[in-house]
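> Here you go, sequence then predicted model.
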Amino acid sequence: MSATIFFQQLSNGISLGSLYALVAIGYTMVYGILRLINFAHGDLLMVASYTAIYAVTMFSLPWYLSFPLAIALTGCIGILMDKVAYKPLRDAPRISLLISAIGASFLLENLALVIIGGIPKGFPRPEIFAKVIEILGVRVQVLTIYIPIMTLVFLMALLYIVYRTKVGKAMRAASKDIETTRLMGINVDRIIALTFLMGSSLAAAGGIMWALKYPQVNPFMGVIPGLKAFIAAVLGGIGDIIGAVVGGFVLGLGEILLVAFFPELAQYRDAFAFVLLILVLLFRPTGIMGEPITDKT
Amino acid sequence: MLEVKNLHVYYGGIHALKGIDLRVKEGQIVTLIGANGAGKSTTLRSIAGLVRPKEGSIVFQGTELTALRTHQVIQQGIGVAPEGRKVFGNLTVLENLELGAYNRPPQEFQTDLEWVFSLFPRLEERSKQLAGTLSGGEQQMLALGRALMSHPKLVLLDEPSLGLAPLVVEEVFETITTINRQGTTVLLVEQNAMAALHVAHYAYVLETGRITLEGTGKELLQDERVRKAYLGE
Ligand SMILES: Nc1ncnc2c1ncn2[C@@H]1O[C@H](COP(=O)(O)OP(=O)(O)O)[C@@H](O)[C@H]1O
Ligand SMILES: [Mg+2]
């Protein structure tokens, strides 16, 4: 393989890893507080992509308004999802919560199917994201550069909130012990809503960038990236934000480089992710960064 | 200040509290003693709104607490140091204290912090350390300090001496007396009846969900039944 192609693949891997990381953060944050794998999380990529499409095509908004709008709306849908599907089950056994998550996922997918239809829609890709530039003699899509940069910006904002603000402190406390967090006079329901807002917004940002990269939007477009991001979160150590990011990059780079070095394995790309999941669960269930998985009392 | 009337609590089919009545007067240390499983923690948890009583009322300074959610109860001016300390081990000592001050005006924070550090100088030395790395006694001090950071009118302490070395126990009880003298009313749950009765103005004995005895700390220290059952004579 030539250095040029290697460099191209590397940048592809980084940008794919960024997307996995953005989506994985939502899984890990919600799991951190509620010990719930929110299986409907991946579908938020689809929700955000459609919202962005309609904002651009029906309301003729420019991309720099419609994308943030789609991110904000999807964040609110995340809160709504918690209110409708999970909040009524706070005291129920964890398995009920999981079933509710699967239900929420099917609901979102089939709602999109009924309202919008199953025919894939093209994503309106603004000119500035379609350009191809040359860096050190290597031709890359600008998107491949923008995605990691945007991811970094979102990540810094997230880490700032979680580690430097009062609500962030409350989030970290709630992920340790919800009841004692309440004893601090903190309205934990609000903290949970905020967690859904943040996780869902990041998934939305990931979804829009995904749609820019692969501009075909359909009601099930969130399923595979969602599962991959879930694997990334487990790989990094579920519950750990930095872990989710590391897991996302390991998975993204791993997938792309596997195909780059062994082109004959290209069809097994998805299988690679799932084999990795099984291996992690078998040999290191706490993931790369993980502390021991504990049941909350 | 606090008045609990005819409190009944069930855990599923278990009738854990069978009509509890108790009062805490402003400025006092009131203790609730009893054996393991008597219902002491359940009483505190009902006051804090962590369990919902089936019957009865809890009035704090004219406000009915049973209708409120936990964070609202705390906002009335109640601080809680729960059973088993429950410090946030993944946060630093300082962050734990900051959480205790969650609803305090930010300009009060420094004063409150200095007050808590004056009570527990050890916490100041360790303020940057993760709470999970503290010793048991230090964690208990952090739990007390965290409860005091909201500058509560009333603190609920659930077995603060549990599992501590005798010297540390003494230190904890001294601090309880100190904060009381400085104006904080205390409702103290204890299995360590001897120590609790010595510091308390008034005391209740709880047995399997019922109050069986009450009186001033001195009275109960001399009571035949208390001496037999709780002071090991
Ligand atoms: N979450 C719970 N579920 C079921 N039973 C409980 C629960 N918590 C306490 N109990 C029962 O209620 C009774 C009182 O418990 P508790 O208030 O913890 O006693 P204490 O604090 O005096 O040791 C005990 O019989 C205990 O087994
Ligand atoms: Mg107890």
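Okay, I see it. Ligands and ions are numbered 1, 2, ... in the order given.
> what about the residue minimising distance to the centre of chain B, helix or strand, and which?
Nearest to the mean C-alpha position of chain B, counting by C-alpha atoms, centre = their mean, stands residue B:157 at 1.3 Å. If you go by DSSP states H and E, residue B:157 is part of strand B:154-158.
> about what we covered before: from ligand 2, how far out is the residue nearest to the centre of chain B?
Relative to ligand 2, residue B:157 is positioned 11 Å away (C-beta to the ion, to the nearest Å). Placement of C-beta: from N, CA and C, glycine included.
> what's the model's confidence in the next helix-or-strand element following the strand holding residue B:157, averaged?
Counting by DSSP H and E, the element after strand B:154-158 in chain order, helix or strand, is helix B:166-181. In this model, helix B:166-181 has a mean pLDDT of 94.
> Let me know the angle separating whichever helix or strand comes after helix B:166-181 from helix B:166-181.
With elements assigned by DSSP H and E, the helix or strand that comes after helix B:166-181 is strand B:185-190. Using axes from the mean of the first three to the mean of the last three C-alpha atoms, to 10 degrees, one finds that strand B:185-190 and helix B:166-181 are set 160 degrees apart in direction.
> next helix or strand past strand B:185-190?
helix B:193-199.
> just checking, what packs against that following helix?
Taking 3 or more C-beta pairs under 8 Å, 6 or more residues apart in numbering or on different chains; DSSP states H and E as contact, the helices and strands that helix B:193-199 lies on are strand B:29-33, helix B:166-181, strand B:185-190, helix B:217-222, helix B:224-230.
> so how far is the strand or helix carrying residue A:200 off the chain centroid?
Taking DSSP H and E as the criterion, residue A:200 maps to helix A:188-213. In terms of C-alpha atoms, centre = their mean, to the nearest Å, the centre of helix A:188-213 is set 7 Å apart from its chain centre.
> So what's the residue count around residue 149?
With no chain named, the answer covers chain A. 11 (other C-beta atoms under 10 Å in any protein chain shown).
> wrong one, chain B
24.
> check contacts around residue A:71.
Taking C-beta atoms under 8 Å, 6 or more residues apart in numbering or on different chains, we find residue A:71 in contact with A:48, A:201, A:204, A:205, A:208.
> Which residue ranges of chain A form helices?
A:3-34, A:43-57, A:63-81, A:94-115, A:127-130, A:142-164, A:166-176, A:178-183, A:188-213, A:223-236, A:241-261, A:269-283 (DSSP state H).
> Tell me which of these lies nearest to residue B:7.
helix A:178-183 (19.2 Å; C-beta to C-beta).
> For residue A:155, which non-adjacent residue is closest in space?
residue A:245 (6.5 Å; C-beta to C-beta, 6 or more residues apart in numbering or on different chains).
> Looks like the one you found contacts residue A:27 (just checking).
No - using C-beta atoms under 8 Å, residue A:245 is not in contact with residue A:27; the gap is 11.9 Å.
> which residues touch the strand holding residue B:157?
Taking C-beta under 8 Å, 6+ apart as the rule, strand B:154-158 contacts B:1-2, B:24, B:40-41, B:44, B:47-48, B:60, B:77-83, B:144, B:147-148, B:176, B:179, B:184-189.
> change it to 7 Å
The contact list for strand B:154-158, computed with C-beta atoms under 7 Å, 6 or more residues apart in numbering or on different chains, reads B:1-2, B:24, B:41, B:44, B:47-48, B:77-83, B:147-148, B:184-189.
> The helices of chain A: which one's closest to ligand 2?
helix A:178-183 (14.1 Å; C-beta to the ion).
> Run a quick neighbour tally on residue 171.
I went with chain A, as the question did not name one. 24.
> wait, I meant chain B there
Neighbours of residue B:171 using other C-beta under 10 Å come to 18.
> Identify the residue nearest it in space, chain neighbours excluded?
In space, residue B:171 is closest to residue B:137, 7.6 Å off (C-beta to C-beta, 6+ apart).
> and what of residue A:22?
residue A:206 is the one closest to residue A:22 (C-beta to C-beta, 6+ apart), at 3.7 Å.
> Could I get the contacting residues of that neighbour?
A:19, A:22, A:23, A:45.
> Would you enumerate the residues in contact with the last one?
Applying C-beta under 7 Å, 6+ apart to residue A:45 gives the contacts A:23, A:203, A:206, A:207, A:210, A:221, A:222, A:225, A:226.
> Does the fourth one touch residue A:49 like I think?
Yes - when contacts are counted by C-beta atoms under 7 Å, residue A:207 is listed as touching residue A:49 (5.1 Å).
> Please identify which of those two sits among more neighbours.
residue A:207 (33 against 28).
> if we can go back for a sec, so, in contact with ligand 1 or not, the strand holding residue B:157?
No - using C-beta under 6 Å from any ligand atom, we find that strand B:154-158 stays clear of ligand 1, coming within 7.2 Å at best.
> Indicate each strand paired with that strand and its parallel or antiparallel sense.
strand B:78-81 (parallel), strand B:185-190 (parallel) (DSSP bridges).
> What are the buried residues along the longest one?
Going by neighbour count (16 or more other C-beta atoms under 10 Å in any protein chain shown), the buried part of strand B:185-190 is B:185, B:186, B:187, B:188, B:189, B:190.
> Return the closest of those with respect to ligand 1.
residue B:189 (6.8 Å; C-beta to the nearest ligand atom).
> ok, the nearest residue in space to the closest one that is not next to it in sequence - how many residues close by?
Leaving aside its sequence neighbours, residue B:189 sits nearest to residue B:40 (C-beta to C-beta, 6+ apart; 4.3 Å). Neighbour count for residue B:40, taken as other C-beta under 10 Å: 24.
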